[in-house]
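Student: sharing a model prediction with you, sequence too.
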Amino acid sequence: MDEKCRLEPSRVLVLECNGNIVVDEELAKILYMVKVEESLHKVSQVLGLPYSRLHEKIRRAEKLIGDKLVYRWKGGASRGGAKLTATGEKILDTYMRYYRLFLQRPFDDFVGPDSRRKLIIFVGSHDFVLDNVFNSIQEYRIEPIWSGTVQGLMQLAYGGADIAGAHYPVKLGGPTKLLEMLGLKGIIDIYPIFRRRQGFASRKPIELDVLKRKLGMGELVLAVRNPGSGTRILMEELLLEWITDKNRVKTLLENSVESRTHLDTCKHIASGRADIGLTIEPYARLFGLYFIPIAWEDYVLAVRTRDSNNVRRIIDLLRTLSTQFIEESRILGYEML
């Protein structure tokens, strides 16, 4: 036997009923995370377990116990979720007590530090400051999905997100007008967090008048964001304003290089796949690109009205951390609101 191989007994705790294993370590972790997250979908993401396996483990234990462990309700506009029943709470408490007693270590060591942080699903418009701030938060584990403004607001409204990030051109009425257009006024509350500058990034310096002319002649390849993003909406609005030939606008968009984030937009320009694209200033500077300022816009954080009180602490935290990051890093193209 290899001298480096040291055999040791494994200590595993299970709870049995009439000779049948009811609760093992995996189910205990599932119950613990249901208590923390109140959502089986989030538990699945945090633990890296298939959603179907969560149901199977819970259903099997409930059958052996003869009582419900988890109360679940469906999603939709009212948002789905899950909570431990009184029996579920009792079983989890029993497991945690025996775990500390027999294994001589805290149950928190078992679930791990990442699992102890509450998961927050953020869906919406990509942003430089928030992308950096999310990683500095200790109490919450924020998982961003950079889908764009419209998709973020719709996901939020139907329970697919806890917070959404959004912006909309001032000349079109700003984020408040967008909520009205989407029929979400009264369903979603918005909190302005900062103002940021949009502009065109390019590998070579170019005057705005020259840029407009070249776009009108179809001489530039555009890097554009995905449909439904606030930056894509602003891009289309500018093109329709600058180019009288609507077919030319359609051709420009059809021949463009699409990206999901501002980071990817600047990558496409820096690599030569595209000549120019609308983005926010820090990413253009990061890639050493030239930046032509176009417009300031308000970036807002959105939450469901019914959840405003519960999420307000996170909103305030994000505002504080964003202010610190902008001031300490001296980020160009941002102003706090």
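Tutor: Thanks, I have it. Bear in mind the structure is a predicted one, so any value in this text is a computation, not a measurement.
Student: tell me the bridge partners for residue 142.
Tutor: residue 120 (DSSP bridges).
Student: give me every residue that touches it.
Tutor: 119-120, 122, 134 (Cβ atoms under 8 Å, 6 or more residues apart in numbering). Quick note: C-beta positions are derived from backbone N, CA and C, even for glycine.
Student: any idea which of these is least confident?
Tutor: In terms of pLDDT, residue 119 ranks lowest among the contacts of residue 142, with 75.
Student: isn't residue 278 up against residue 211?
Tutor: No: here residue 278 lies out of contact with residue 211, judged by Cβ atoms under 8 Å, at a distance of 11.1 Å.
Student: intersection of neighbour lists for those two?
Tutor: residue 200.
Student: ok, those two, which is more surrounded?
Tutor: For residue 278 versus residue 211, neighbours defined as other Cβ atoms under 10 Å are more numerous around residue 278 (24 against 17).
Student: hang on, the more buried one in a helix?
Tutor: No: Residue 278: not assigned to a helix; according to DSSP: H, G, I helix; E, B strand; the rest coil it is strand.
Student: which ones are touching it?
Tutor: 198-201, 224-225, 231, 234-235, 238, 265, 294.
Student: wait, which of these is closest to residue 44?
Tutor: When these are compared for distance to residue 44 (Cβ to Cβ), residue 225 wins out at 29.4 Å.
Student: look up how far residue 48 lies from the closest one.
Tutor: Separation of residue 225 from residue 48 (Cβ to Cβ, to the nearest Å): 30 Å.
Student: now do the helices in the stretch 201-337 of the chain.
Tutor: For the stretch 201-337 of the chain, applying DSSP state H, counting those that start in this stretch gives helices covering 208-216, 230-242, 246-254, 262-271, 281-286, 308-329.
Student: ah, wrong one, I meant the stretch 1-150 of the chain
Tutor: Using DSSP H, counting those that start in this stretch, the helices found in the stretch 1-150 of the chain span residues 25-37, 40-47, 51-65, 86-103, 107-111, 113-116, 128-133, 149-157.
Student: which one of the ones you listed has the lowest average pLDDT?
Tutor: When these are compared by mean pLDDT, helix 113-116 comes last with a mean of 54.
Student: what is the burial count for residue 288?
Tutor: Neighbours of residue 288 (other Cβ under 10 Å): 10.
Student: which residues touch the residue nearest to it when sequence neighbours are not counted?
Tutor: Distance criterion Cβ to Cβ, 6 or more residues apart in numbering; nearest residue to residue 288, sequence neighbours excluded, is residue 270 at 7.4 Å. Contacts for residue 270 (Cβ under 8 Å, 6+ apart) come out as 203, 287-289.
Student: and those, which are buried?
Tutor: Among the contacts of residue 270, those buried by neighbour count (16 or more other Cβ atoms under 10 Å) are 203, 287, 289.
Student: coming back round to it: which one of the helices of the stretch 201-337 of the chain lies closest to residue 301?
Tutor: The minimum distance between residue 301 and the helices of the stretch 201-337 of the chain falls on helix 308-329, with 5.5 Å, by Cβ to Cβ.
Student: these two touch, right, residue 272 and residue 202?
Tutor: No: with contact defined as Cβ under 8 Å, residue 272 and residue 202 do not form a contacting pair (11.4 Å).
Student: the two: who's more crowded?
Tutor: Shown here are residue 272 and residue 202; by other Cβ under 10 Å, residue 202 has more neighbours (20 against 9).
Student: for residue 82, see how far away the more buried one is.
Tutor: Per Cβ to Cβ, residue 202 is found 50 Å from residue 82.
Student: residue 129 contacts residue 333, doesn't it?
Tutor: No: with contact defined as Cβ under 8 Å, residue 129 does not count as touching residue 333 (9.9 Å).
Student: who's in contact with residue 62?
Tutor: Listed by Cβ under 8 Å, 6+ apart, the contact set of residue 62 reads 68-70.
Student: restricted to strands, list the residues you listed.
Tutor: Using DSSP state E, the subset of the contacts of residue 62 located in strands is residue 70.
Student: and the contacts of residue 62, which is closest to residue 27?
Tutor: residue 69 (8.7 Å).
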